[in-house]
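Participant: sequence and predicted structure are below.
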Amino acid sequence: MNRMRLVAERLSARRGEDLIFRDISFEIGAGEVLVVKGPNGSGKSTLLRVVAGLLARETGKIRLTGEGAQAFETVATACHYLGHHNAMKRELTVAENLRFWKDFAGDSTSGSGIGIDAAAEAVGLGGIVHLPFGYLSAGQQRRMAMAKLLVAWRPVWILDEPTAALDAAAETMFAGLVKAHLGRGGLAIAATHQPLGLGAVAELHMAGFAGENVEAWA
Ligand SMILES: Nc1ncnc2c1ncn2[C@@H]1O[C@H](COP(=O)(O)OP(=O)(O)OP(=O)(O)O)[C@@H](O)[C@H]1O
């Protein structure tokens, strides 16, 4: 069986006038996670945004191949993106926010998400989906943002510092969600300074931009 793969070749990106990285290539297969590491400002968030289609790349190619890839018109539509911000409206209830993401992200023929109550349960916060998102504690808000990944099936999870400022229990919970996602044939790319609790994983080291010197994939 030809498993789904995400292939990035010789990516480079700019922010404003500045070249942030160059010649970044990697491949991840179904069931695999790639952890992007590097010092502050080395371009991890920029790389994730490029892969998610939120930022135009300067050069290079990103493609999805193998089983299930044809269900997605673009790589971006195969991706869930969990950035530094939770991307939830404070005035809307948790359920309304998750409903928005369920409808917006949608399912593809390659899988389906779970219900809103089930997603809230999965992040350990069942029973409070009727509350405005803004009432939740910072940690609860982050957990609910993670629930967004569950309500619609998208095979590629792009995670930017997903567990920053979370307690140990939430980190363990999130590691479980990622493992379950990989177990369903999903893929994940995570930029993080903290171990994700996933055991041995592939790593991409961004060296940071110093004139012409951009680290390549090891
Ligand atoms: N909108 C922008 N315009 C110009 N430069 C930007 C912009 N956004 C980010 N940068 C620059 O791009 C570089 C890479 O930033 P990025 O956020 O990708 O780094 P990072 O590795 O994720 O950092 P951190 O570990 O601090 O989150 C930084 O030097 C930053 O100042």
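Facilitator: Nice, I can see it.

Participant: who does the spatially most central residue of the chain bridge with?
Facilitator: The residue lying closest to the centre of the chain (Cα atoms, centre = their mean) is residue 158, at 1.7 Å. Residue 158 has these beta-bridge partners by DSSP bridges: residue 81, residue 189.

Participant: just the helices in the protein please.
Facilitator: 44-51, 94-105, 116-122, 138-151, 168-183 (DSSP state H).

Participant: what about the residue nearest to residue 38 when sequence neighbours are not counted, how many residues nearby?
Facilitator: Leaving out its chain neighbours, the residue that sits closest to residue 38 by Cβ to Cβ, 6 or more residues apart in numbering is residue 206, at 3.3 Å. For the C-beta atoms, the positions are set from N, CA and C on the backbone; glycine is no exception. Other residues within reach of residue 206 by the criterion other Cβ atoms under 10 Å amount to 23.

Participant: isn't residue 206 right up against residue 43?
Facilitator: Yes - assessed by Cβ atoms under 8 Å, residue 206 is found in contact with residue 43 at 5.2 Å.

Participant: near the ligand, which residues of the chain are found?
Facilitator: For the chain, the residues in contact with the ligand (Cβ under 6 Å from any ligand atom) are 15-16, 18, 20, 38, 40-46.

Participant: including neighbour count and pLDDT, could those go into a markdown table?
Facilitator: A markdown table is the format used below for these (neighbours: other Cβ atoms under 10 Å; pLDDT from 0 to 100):
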| residue | neighbour count | pLDDT |
| --- | --- | --- |
| 15 | 12 | 89 |
| 16 | 5 | 86 |
| 18 | 9 | 87 |
| 20 | 24 | 91 |
| 38 | 19 | 91 |
| 40 | 7 | 89 |
| 41 | 12 | 89 |
| 42 | 22 | 91 |
| 43 | 28 | 93 |
| 44 | 27 | 95 |
| 45 | 18 | 95 |
| 46 | 22 | 95 |
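
Participant: low-confidence bits of the protein, can you list those?
Facilitator: Within the chain, the ranges that satisfy pLDDT under 70 run 1, 208-218.

Participant: ok, 90 please
Facilitator: 1-2, 15-18, 40-41, 68, 71, 106-112, 164-167, 192-201, 207-218 (pLDDT under 90).

Participant: ok, the residue nearest to the centre of the chain to the ligand distance?
Facilitator: Noted for residue 158: a distance of 12 Å to the ligand, by Cβ to the nearest ligand atom, to the nearest Å.

Participant: can you pull the contacts of that residue?
Facilitator: By Cβ atoms under 8 Å, 6 or more residues apart in numbering, residue 158 lies in contact with 48, 51-52, 79-82, 188-190.

Participant: what's the PyMOL line that selects buried ones from those residues?
Facilitator: Those of the contacts of residue 158 that count as buried under 16 or more other Cβ atoms under 10 Å are selected in PyMOL with:
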select buried, resi 48+51+52+79+80+81+82+188+189+190
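
Participant: which one of the contacts of residue 158 is nearest to residue 58?
Facilitator: Set against residue 58, the nearest of these by Cβ to Cβ is residue 51 (13.7 Å).

Participant: got a list of what the closest one touches?
Facilitator: 6, 8, 62, 75, 79, 156, 158, 189.

Participant: how much space separates the last one from the ligand?
Facilitator: When Cβ to the nearest ligand atom is the yardstick, residue 189 and the ligand sit 13 Å from each other.

Participant: repeat for residue 90
Facilitator: As judged by Cβ to the nearest ligand atom, residue 90 and the ligand stand 23 Å apart.
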